[in-house]
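> how would this look folded up:
(2 chains)
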Amino acid sequence: AQSVTQLDSQVPVFEEAPVELRCNYSSSVSVYLFWYVQYPNQGLQLLLKYLSGSTLVKGINGFEAEFNKSQTSFHLRKPSVHISDTAEYFCAVSGLQETSGSRLTFGEGTQLTVNP
Amino acid sequence: EAGVTQFPSHSVIEKGQTVTLRCDPISGHDNLYWYRRVMGKEIKFLLHFVKESKQDESGMPNNRFLAERTGGTYSTLKVQPAELEDSGVYFCASSKQGRDEQFFGPGTRLTVL
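Now for the predicted structure:
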């Protein structure tokens, strides 16, 4: 079984400031890791994913995340945010093994609000 | 290419009534998932279809929920009878292969009064 904890439910920042959205996970098996974003009145959109290889993953819209196996974390970062980044962000995992299935286990979401 | 579509976008019903939600996946996607987000909580998995077969329905909360996927195309999720705790946003997602990126629809917001 897997679980995901997003440590901050709300993150307010000013435009052009850096931001980090934190995500920790717990799993008895190896996992794939994902960050999704939901803009108002839209579906979830994949920002980036970690499957294997380099622990620093770059995604769309200037976001990146780093997989830290020892700390079981997958924090999302952006060096300079824009007003348009205001959205809710979800961290998710899925089990690597076939027996785990391909379903996603999500955290509770982090609302990022970028203020002018 | 059209994305995942869901109908209706909003539904308000009274306790005890029946509601049917529909999801049209991306054409050619064999995998279809249903998820639900109750207000303020995490998005939770409900079930997974591969074509018309239920691959995993371990997340279905109880037997008031019935999901079908006719001919491996669109899917419906029926709630009968609806209870207050069924309120939330129901998301559908699809993928081509089992471990490919899942593409999400905009969700159906269900309110049970």
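> for chain A, which spans come out with low pLDDT?
Within chain A, the ranges that satisfy pLDDT under 70 run A:96-101.
> Residue numbers of chain A in contact with chain B?
Counting by C-beta under 8 Å from any C-beta of the partner chain, chain A comes close to chain B at A:4, A:32, A:36, A:41-46, A:49, A:90, A:92, A:94, A:101-109. Glycine gets a C-beta too; all of them are placed from N, C-alpha and C.
> Any chance of a ChimeraX selection covering the buried ones in these?
Those of the residues of chain A next to chain B that count as buried under 16 or more other C-beta atoms under 10 Å in any protein chain shown are selected in ChimeraX with:
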select /A:4,32,36,43,44,45,46,49,90,92,94,101,102,103,104,105,106,107,108,109
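> so of the residues of chain A next to chain B, which ones are in strands?
In strands, defined here by DSSP state E, the members of these are A:4, A:32, A:36, A:44, A:45, A:46, A:49, A:90, A:92, A:94, A:105, A:106.
> tell me the contacts of the third one?
Read that as residue A:36. A:44, A:45, A:46, A:47, A:89, A:90, A:92, A:106, B:104 (C-beta atoms under 8 Å, 6 or more residues apart in numbering or on different chains).
> 10 Å - rerun?
Neighbour list for residue A:36: A:43-49, A:87-92, A:104, A:106, A:109, B:43, B:93, B:101-102, B:104 [criterion: C-beta atoms under 10 Å, 6 or more residues apart in numbering or on different chains].
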